[in-house]
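1. Could you work out the structure for the sequence below:
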Amino acid sequence: MYRNLGKYSASMTFGWFSGIDIVRSVVVVFADLFFIYFFLPLCLIFYFATRKTGIRNAVLIVFSLVFYAWGEPVWLCLLVGYSLINYLTGLLIERFRGRKGAKAVLALSLIIDLGVLGIFKYSGFFADNINVLFGVSLKVPDIALPIGISFYTFQTISYSLDCYWGKVSAQKSFAKFLLYVSMFPQLVAGPIVRYSTIAAEIDCRKTTAKDLSDGFSRIILGLGKKVVIANSLNSVVTACFGTADNGYEAIKTLSIAGAWYGTALVALWYYFDFSGYSDIAIGLGRIFGFHFEENFRYPFVCRNITEFWQRWHISLGSFFRDYLLYVPIFGKRRKYGGLFLVWFCTGLWHGASWNFIFWGLYYGLFICIEMWIGKKRMKKWPAAVSHIYSKIVIAAGFGIFYFEELGALGTFFKALAGANGNKLTDPVTNNLFMNNIFLFAAAIILSCPVIPKIKELAAKRAGTHYAARTAGIVCNIAVLSVSSLLLLNNTNNPFLYFRF
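-> Numbers count the residues shown, from 1 in each chain. Take a look at the predicted model:
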């Protein structure tokens with residue numbers, strides 16, 4: 001379940017950590033044989049040993065806290081303390097609802113939540129930039145980043161705001177609120193689950209045979225996405241672009257085709273890694289009787305950037321839409337000002353580095369352009385034009401996300417545009433493409449809704465129900481077996497979004 005990684009190296013994380021020197025001795029991993037064959041079965045045994053919801057909640061709390069504290073118990077204190085503060089502020093908000101006291105308590109809650117997140121995640125980044133801008137020598141904090149703090153902070157923020165707006169009633173039981181914040185399926189890397197989504201299920205839920213079947217199938221699907229596809233794509237990306245350790249030397253000699261091929265691989269890698277984690281989280285929740293909302297809906301089938309973000313990391317996008325987009329700026333709501341704020345915060349949320357801020361504003365710019373053009377006009381575009389436009393913008397965007405070093409990012413864009421003096425193709429790219437052509441093709445096909453379409457067609461045909469179920473079971477066994485075999489020789493499987 002955890003890997004002894006010592007300090008996150010740049011080669012391991014591809015240069016994504018800036019400002020804060022993030023130190024972790026262990027990483028929570030679903031894609032691990034210990035989790036799959038020991039931790040999860042043990043949790044299920046204790047959970048299903050009783051039918052009482054209260055005891056089942058207690059089992060989940062204990063296993064969630066053990067899951068989080070396995071390597072660094074000190075962050076368990078932060079998690080529980082965070083939960084306690086937001087539990088108390090929720091009660092106070094409800095008590096003073098409709099009065100000025102509620103607004104004051106809400107403000108205190110937001111200051112604490114965002115303040116703690118800012119100290120851990122952004123203090124080094126701000127100190128670095130102040131030193132550069134003003135020529136001072138502030139000490140750059142060397143602070144470890146608790147895993148998952150960005151996710152559970154946003155969950156507590158959404159809870160406090162919903163309590164203030166009267167959308168939910170404050171939870172009277174601290175144990176139930178702690179379960180909401182700490183539930184291990186979605187604790188460390190989302191999706192961002194709102195309290196309103198599972199409030200009723202915390203008090204009363206049941207797991208049906210269909211829940212078990214669908215839940216385990218979803219877990220295996222996510223495991224296959226991560227172990228079989230994402231990890232393989234990761235290796236090809238590293239071979240194509242190099243790593244931060246060597247200054248991304250490979251991109252300096254990369255051809256135009258190599259740059260576009262590499263950034264397409266990055267997009268697919270991120271999709272299979274993060275959607276794989278979301279699948280596992282949703283599947284685990286389903287087994288325990290919780291119905292989390294979908295976090296990905298085949299984003300690469302989009303025809304514009306607005307649609308892409310309606311399909312990609314849905315829980316984050318909906319959070320910013322509902323809690324930030326309509327915030328009054330300078331006294332009133334401003335459409336484009338709100339969008340700028342949302343996309344600036346979206347980029348900053350992903351990491352304490354300028355490339356993430358540029359990445360957020362980059363997508364915000366295209367969404368603003370699409371708003372200016374208008375939905376009706378864009379619907380009239382030929383389908384081929386829409387898909388080419390959206391995929392070019394998306395691919396270039398993932399390049400911004402990948403290269404933290406601004407010098408490397410500039411070299412990458414020169415390669416995309418052919419402004420680095422290199423040729424259209426190069427031998428390294430040709431070899432990488434031919435050696436991984438089946439992986440690339442499979443990743444593209446599986447990133448589209450092919451499997452749901454096959455299931456839909458099979459369901460319509462009479463007499464194929466049992467054959468389809470049998471085929472599904474066989475596929476699940478095969479994917480689980482292949483993933484397990486690959487994990488035997490793989491000692492480093494952190495999901496990408498653990499760093500947030």
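2. What distance do you get for Ile388 to Trp381?
-> As judged by Cβ to Cβ, to the nearest Å, Ile388 and Trp381 stand 10 Å apart. (C-beta placed from N, C-alpha, C; glycine too.)
3. of the two, who's got more company?
-> Neighbours per residue, other Cβ atoms under 10 Å: of Ile388 and Trp381, the larger number sits with Trp381, 14 against 11.
4. Okay, domains of the chain per the record?
-> Following automatic domain parsing, one gets these domains for the chain: 49-203, 209-499.
5. Nearest to Asp32 among those would be which one?
-> Distance to Asp32, taken as Cβ to Cβ, is lowest for domain 209-499 among these, at 6.3 Å.
6. pLDDT averaged over the closest one, what's the number?
-> Domain 209-499 carries an average pLDDT of 88.
7. what residues are up against Tyr248?
-> When contacts are counted by Cβ atoms under 8 Å, 6 or more residues apart in numbering, Tyr248 touches Gly15, Phe241, Gly242, Phe403, Glu405, Ala408, Thr411, Phe412.
8. Using JSON lines, please lay out those residues together with secondary structure and neighbour count.
-> Below are these laid out as JSON lines (DSSP: H, G, I helix; E, B strand; the rest coil; neighbours: other Cβ atoms under 10 Å):
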{"residue": "Gly15", "secondary structure": "coil", "neighbour count": "22"}
{"residue": "Phe241", "secondary structure": "helix", "neighbour count": "26"}
{"residue": "Gly242", "secondary structure": "coil", "neighbour count": "21"}
{"residue": "Phe403", "secondary structure": "coil", "neighbour count": "27"}
{"residue": "Glu405", "secondary structure": "coil", "neighbour count": "18"}
{"residue": "Ala408", "secondary structure": "helix", "neighbour count": "21"}
{"residue": "Thr411", "secondary structure": "helix", "neighbour count": "21"}
{"residue": "Phe412", "secondary structure": "helix", "neighbour count": "25"}
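9. from the residues you listed, which single one is nearest Ile130?
-> Glu405 (20.0 Å).
10. What helices and strands are in contact with the lengthiest helix in the chain?
-> If you go by DSSP state H, the chain has its longest helix at helix 100-134. In terms of contacts (3 or more Cβ pairs under 8 Å, 6 or more residues apart in numbering; DSSP states H and E), helix 100-134 is packed against helix 74-95, helix 149-165.
11. of the contacts of Tyr248, closest to Ser235?
-> Phe241 (11.6 Å).
12. From Tyr271, how far out is that closest one?
-> 17 Å.
13. What count of nearby residues applies to Phe48?
-> Counted by other Cβ under 10 Å, the residues lying close to Phe48 total 14.
14. Now for it: which residues touch it?
-> Under the criterion of Cβ under 8 Å, 6+ apart, the neighbours of Phe48 are Thr207.
15. how does it look with 7 Å?
-> With contact set as Cβ atoms under 7 Å, 6 or more residues apart in numbering, Phe48 has no partners.
16. Okay, it and Pro41: tell me how far apart.
-> From Phe48 to Pro41 the distance is 11 Å (Cβ to Cβ).
17. Then Trp372?
-> 54 Å.
18. And the domains of the chain: which comes nearest Tyr37?
-> Here domain 209-499 is closest among those (Cβ to Cβ), at 8.1 Å.
19. next one: the closest one to chain centre, how far?
-> Centre-to-centre, domain 209-499 and its host chain are 10 Å apart (Cα atoms, centre = their mean, to the nearest Å).
20. Number of residues surrounding the nearest residue in space to Tyr164 that is not next to it in sequence?
-> Excluding its sequence neighbours, the residue lying closest to Tyr164 (Cβ to Cβ, 6 or more residues apart in numbering) is Leu106, at 4.7 Å. Leu106 is flanked by 21 other residues according to other Cβ under 10 Å.
21. so what's Leu106 up against?
-> Going by Cβ under 7 Å, 6+ apart, Leu106 touches Ile93, Ser160, Tyr164.
22. Neighbour-wise, give me the winner out of these.
-> Counting by other Cβ under 10 Å, top hit in the contacts of Leu106: Ile93 with 26 neighbours.
23. if I look at that residue, how far off is Phe319?
-> For Ile93, the distance to Phe319 - Cβ to Cβ - is 19 Å.
24. who touches stretch 416-434?
-> Residues outside stretch 416-434 that contact it (Cβ under 7 Å, 6+ apart): 236, 239-240, 253-261, 396, 411, 414-415.
25. at 8 Å what do you get?
-> With Cβ under 8 Å, 6+ apart as the criterion, stretch 416-434 contacts 236, 239-240, 250, 252-261, 263, 396, 399, 411, 414-415, 440.
26. any idea how far Ala69 is from Ala170?
-> Distance from Ala69 to Ala170, by Cβ to Cβ: 27 Å.
27. the more surrounded of these two?
-> Using other Cβ under 10 Å as the criterion, Ala69 and Ala170 rank with Ala170 on top: 20 against 16.
28. ok, and the closest non-adjacent residue to Ala239?
-> Leu432 (6.0 Å).
29. What strand or helix carries the one you found?
-> helix 427-435 (DSSP states H and E).
30. And the next helix or strand along the chain from that helix, what does it pack against?
-> Downstream of helix 427-435, the next assigned helix or strand under DSSP H and E is helix 437-446. In this structure, helix 437-446 makes packing contacts with helix 231-241, helix 256-287, judged by 3+ Cβ pairs under 8 Å, 6+ apart.
31. Can you give me the buried ones in helix 437-446?
-> By 16 or more other Cβ atoms under 10 Å, the buried positions in helix 437-446 come out as Leu439, Phe440, Ala443, Leu446.
32. Among those, which one lies nearest to Ile280?
-> Of all the buried residues of helix 437-446, Ile280 sits closest to Leu446, with 16.1 Å by Cβ to Cβ.
33. Now do the contacts for that closest one.
-> Counted by Cβ under 8 Å, 6+ apart, Leu446 has contacts Lys225, Ile229, Phe272.
34. How much space separates the second one from Phe440?
-> Going back to what we said before, that points to Ile229. For Ile229, the distance to Phe440 (Cβ to Cβ) stands at 10 Å.
35. what residues are shared contacts of these two?
-> When contacts are counted by Cβ under 8 Å, 6+ apart, Ile229 and Phe440 are jointly contacted by Leu268.
36. does Gly215 count as helix, strand or coil?
-> Here Gly215 is recorded as helix under DSSP: H, G, I helix; E, B strand; the rest coil.
37. and if you look at Gly98?
-> Once three-state DSSP is applied, Gly98 turns out coil.
38. Now it: phi and psi?
-> Gly98 adopts backbone torsions of phi 90, psi 0, taken as degrees, to the nearest 10.
39. what kind of secondary structure is Arg321 in?
-> Classified using three-state DSSP, Arg321 is helix.
40. got a list of what the nearest residue to it once chain neighbours are set aside touches?
-> Leaving aside its chain neighbours, Arg321 sits nearest to Val342 (7.4 Å; criterion: Cβ to Cβ, 6+ apart). By Cβ under 8 Å, 6+ apart, the contact set of Val342 is Phe320, Arg321, Leu324, Leu325, Gly364.
41. how far away is Val342 from Gly364?
-> Going from Val342 to Gly364 by Cβ to Cβ gives 7 Å.
42. again, but for Cys240
-> In terms of Cβ to Cβ, Cys240 sits 28 Å off from Gly364.
43. now Ile192
-> From Ile192 across to Gly364, the span is 20 Å (Cβ to Cβ).
44. When those two are compared, which one has more neighbours?
-> Ile192 (24 against 21).
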